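> what's the 3D shape of this:
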Amino acid sequence: MSNLIDKHPKVFISYSWANENTVNFTSDLAERLVQHGVDVIWDKWSLQEGQDKYAFMERSVNDDSISHVLLICDKAYTERANARHGGVGDETTVITPEIYGNANQTKFIPILFERDDSGNEYLPTYIKARIYIDFSNALDYESSYEQLLRCLYDKPICKKPPLGKTPAWLAEDSVNYNELNALVKKNKNLPDSQPHKFQELKMDFTEIFINILNEMRFLDDKFDAESLLKKIDSLKPIRDIYFDFLIATINSSYFSSDFVKEFFENLYNRVPTAANNGYSERDFEYYDFLVWESFIGTITLLWQYEKYSAIYDLVSKKYFLRDNLFSNASEKIYSFVKFRKYLSTLEEDCQRNFQQRYVSYASKLLIGREKLPYLNKYALCDTDLRLYHLSTIILEPSNGFFKNVWFPSTYCYLSEPKNIWQRLVSRSYCDKILPLFGVRTISELKSLFSNINQKQLEPIGYRDGFYSSAPNILAYINITDIATLA
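Okay, the predicted model is just below:
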């Protein structure tokens, strides 16, 4: 902060006296710049009686202590500069060689003050190619002034971020995504009149997707936190291709939740196995992470496309999943909650090794792997919490101590979660969203809420004492308020 305060830019203002509005604008601008620490050289202040005004202009333009020259461009300034007439013409004679002689010249800043009746800029010929700051619209004055001030202080609002590391997946020369990308393109162009062809298309996509994952097994002697993060990073391109394929499918007439269910059963069951080769389930946490974040991303996309019936299918259906990694393990019936695992290497080793204390390292990693515009961190966190709510209202509680609920691990990053359930007070919204809960009438919806098993609503959250429990669904809506507004 001290560097910014100590730096006082020095500017010279070049303008035409012919237009009273321009003079008044220039006066106000100069006074405000001075108030914000900019040393302004302006003839009204700096040129005294008896001094040579032309020598003053030339000295000011060429003064090395002046960081910028502001060119106030209106009709009179432009005409005089182009005709090399009057004081502006003399300044132009000095400025022109500087600009034409140095293509990277940033000292001279055009300040556009006036446009013609057609909206065209009044800019002298010698400065037309330069990027200007637009003050021609009084309504945009404040944003234009901030742009100018940031330019003078070299504090741009859009700053280039520091150079990061080369993505690990770029080093995987053996991974070829051409076939998958071709199937995405084919899916986008598949006519709605040929839904039968999608059956073959989705099978091809799933097969190739699984095969590529099997080729990217990463089974090496080195397994630690840093290695795990590189492996997770390398899976983002293929994850994004799946999302592209899903979006194309959602936008078609042949979309159904069956494709998604089958895809996740394959993704979960057919990842590399650890049979008889000395590897533990912990060695495959990068695939567990992929399954988890892909499912959250899938529900996020379905929600944004208002595919409520499909979401209900995916959170209410039973999945046939392997009980563990070994190839001879039998499949058992699970809910979608099985796709959320505790990733011990991320939550323990990464926290310890990198000395970065997060409530959840896996969650922090997930919300940083956006795929814009749909899959931004806010949408992903919202979906994570919604999955928790849907699991409490739709799934039957398991026996024993285990609650059959989705743990919304990103809830601690929701500073202001969207209160979508509060909208259930609207009858029209209820009618629209009924398929999400697998019911057909508002009466059935109220009954569903009334019958929520209290075991499912027991507090769930982190135990560090800093964050409160994740809010359950009844924290957002009273059952008696459902559909009470027209």
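> list the residues that contact Gln304.
Tyr374, Ala379 (CB atoms under 8 Å, 6 or more residues apart in numbering). Where C-beta positions appear, they are placed from N, C-alpha and C, glycine not excepted.
> model confidence for it, exactly?
Looking at Gln304, its pLDDT is 94.
> leaving out the residues flanking it, which one is nearest to the residue nearest in space to the middle of the chain?
Geometric centre of the chain, nearest residue: Asn376, 4.4 Å, by CA atoms, centre = their mean. Nearest non-adjacent residue to Asn376, counting by CB to CB, 6 or more residues apart in numbering: Glu370, 5.2 Å away.
> what does the one you found show for phi and psi?
With angles defined as degrees, to the nearest 10, Glu370 sits at phi -70, psi 160.
> skipping adjacent residues, who's closest to Tyr305 in space?
Ile250 (5.1 Å).
> run a quick neighbour tally on the residue nearest to Asn376.
Neighbours of Glu370 under the rule other CB atoms under 10 Å: 15.
> same thing with the one 4 residues further on?
The burial count assigned to Tyr374 is 16, neighbours taken as other CB under 10 Å.
> please apply the same query to Glu146.
11.
> the nearest residue to it once chain neighbours are set aside: how many residues sit nearby?
Closest residue to Glu146 apart from its sequence neighbours, by CB to CB, 6+ apart: Ile157 at 7.6 Å. Counted with other CB under 10 Å, the neighbours of Ile157 add up to 8.
> next: Leu123.
Leu123 has 22 nearby residues by other CB under 10 Å.
> before we move on, what about Asn21?
Asn21: 10 neighbours (other CB under 10 Å).
> mind listing what's buried along the helix or strand containing it?
Using DSSP states H and E, Asn21 maps to helix 20-35. For helix 20-35, a neighbour-count test (16 or more other CB atoms under 10 Å) marks Thr22, Phe25, Thr26, Leu29, Ala30, Leu33 as buried.
> now it: average pLDDT?
Mean predicted lDDT for helix 20-35 stands at 94.
> adjust the sequence numbering to begin at 12 for everything that follows.
Noted, 12 is the first residue going forward, which turns the last one into helix 31-46.
> show me the chain divided up by domain.
Annotated domains of the chain cover 13-163, 188-424 [automatic domain parsing].
> strands of the stretch 262-411 of the chain, start to end?
330-333, 342-345 (DSSP state E, counting those that start in this stretch).
> mind checking which of the ones you listed is nearest Ile122?
Checking the strands of the stretch 262-411 of the chain against Ile122 by CB to CB gives strand 330-333 as the closest, at 63.5 Å.
> what does that closest one rub up against?
272, 275-276, 279-280, 340-347, 349.
> equivalent analysis for stretch 38-47, please.
Val22, Ile24, Val51, Trp53, Lys55, Trp56, Leu81, Ile83, Ile122, Tyr156, Leu160, Leu163.
> in CSV: these, plus distance to Val416 and neighbour count.
Below are those laid out as CSV (distance: CB to CB, whole Å; neighbours: other CB atoms under 10 Å):
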residue, distance to Val416, neighbour count
Val22, 62, 21
Ile24, 66, 23
Val51, 64, 20
Trp53, 68, 21
Lys55, 72, 12
Trp56, 71, 13
Leu81, 62, 24
Ile83, 65, 22
Ile122, 60, 23
Tyr156, 53, 16
Leu160, 52, 16
Leu163, 56, 21
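> now for those: which two are most distant?
Lys55 and Leu160 (20.8 Å).
> what about the stretch 12-161 of the chain, any weak spots by pLDDT?
12-17, 60-65, 95-105, 107-116 (pLDDT under 70).
> among the buried residues of helix 31-46, which two are most distant?
The widest separation within those (CB to CB) is 16.0 Å, between Thr33 and Leu44.
> would you check that Asn424 makes contact with Ser374?
Quick fix: residue 424 reads Tyr, not Asn. Yes - between Tyr424 and Ser374 a contact is recorded at 6.5 Å, counting by CB atoms under 8 Å.
> which one of these two is surrounded by more residues?
Using other CB under 10 Å as the criterion, Tyr424 and Ser374 rank with Ser374 on top: 24 against 20.
> any idea how far that one is from Val450?
Ser374 sits 31 Å away from Val450, going by CB to CB, to the nearest Å.
> what's the burial count for Asn489?
12.
> please apply the same query to Ser78.
Going by other CB under 10 Å, the residues that sit close to Ser78 add up to 19.
> repeat that for Leu445.
18.
> ok, Leu201 next?
Leu201: 18 neighbours (other CB under 10 Å).
> then Asp244?
17.
> that one is in what secondary structure piece?
Using DSSP H and E, the element containing Asp244 is helix 236-245.
> which SS class is Pro121?
At Pro121 the chain is in strand, as set by DSSP: H, G, I helix; E, B strand; the rest coil.
> can you pull the contacts of it?
Pro121 touches Leu82, Cys84, Leu134, Ile138, Arg141, Ile142, Tyr143, Ile144, counting by CB under 8 Å, 6+ apart.
> can you check Ile258 too?
Leu312, Tyr385.
> recalculate using a threshold of 10 Å.
Contacts for Ile258 (CB atoms under 10 Å, 6 or more residues apart in numbering) come out as Val195, Asn198, Lys199, Leu312, Gln315, Tyr316, Lys382, Tyr385.
> how near is it to Gln205?
19 Å.
> do Tyr319 as well
From Tyr319 over to Gln205 (counting by CB to CB), the distance is 27 Å.
> tell me the most buried of the strands of the stretch 262-411 of the chain?
strand 330-333 (a mean of 18; mean count of other CB atoms under 10 Å).
> show me the shaky parts of the stretch 362-497 of the chain.
362-368, 410-413, 426-429, 475-478.
> hmm, I was thinking of the stretch 162-311 of the chain
Using pLDDT under 70, the stretch 162-311 of the chain drops low at 175-185, 228-234, 283-293.
> repeat that with 80
168-186, 203-207, 226-236, 282-294 (pLDDT under 80).
> that older thread, for Met214, which of the strands of the stretch 262-411 of the chain is the nearest?
Using CB to CB, these put strand 330-333 closest to Met214, at 17.4 Å.
> could you say which helix or strand holds Trp417?
Going by DSSP H and E, Trp417 is not in any helix or strand.
> cool, Ser155 as well?
Ser155 belongs to helix 152-163, assigned by DSSP H and E.
> who's more crowded, Tyr319 and Gln205?
Higher neighbour count among Tyr319 and Gln205: Tyr319, with 17 against 10, using other CB under 10 Å.
> contacts only, for the residue nearest to that one when sequence neighbours are not counted.
Among residues not flanking Tyr319 along the chain, Leu447 sits closest, at 3.9 Å (CB to CB, 6+ apart). Going by CB under 10 Å, 6+ apart, Leu447 touches 314, 317-323, 326, 397, 401, 404-405, 456.
> next, the buried residues of the helix holding Asp244.
Buried residues in helix 236-245, counted by 16+ other CB under 10 Å: Ala236, Leu239, Leu240, Lys241, Lys242, Ile243, Asp244, Ser245.
> distance of Lys55 relative to Val34?
Relative to Val34, and taking CB to CB, Lys55 is found at 9 Å.
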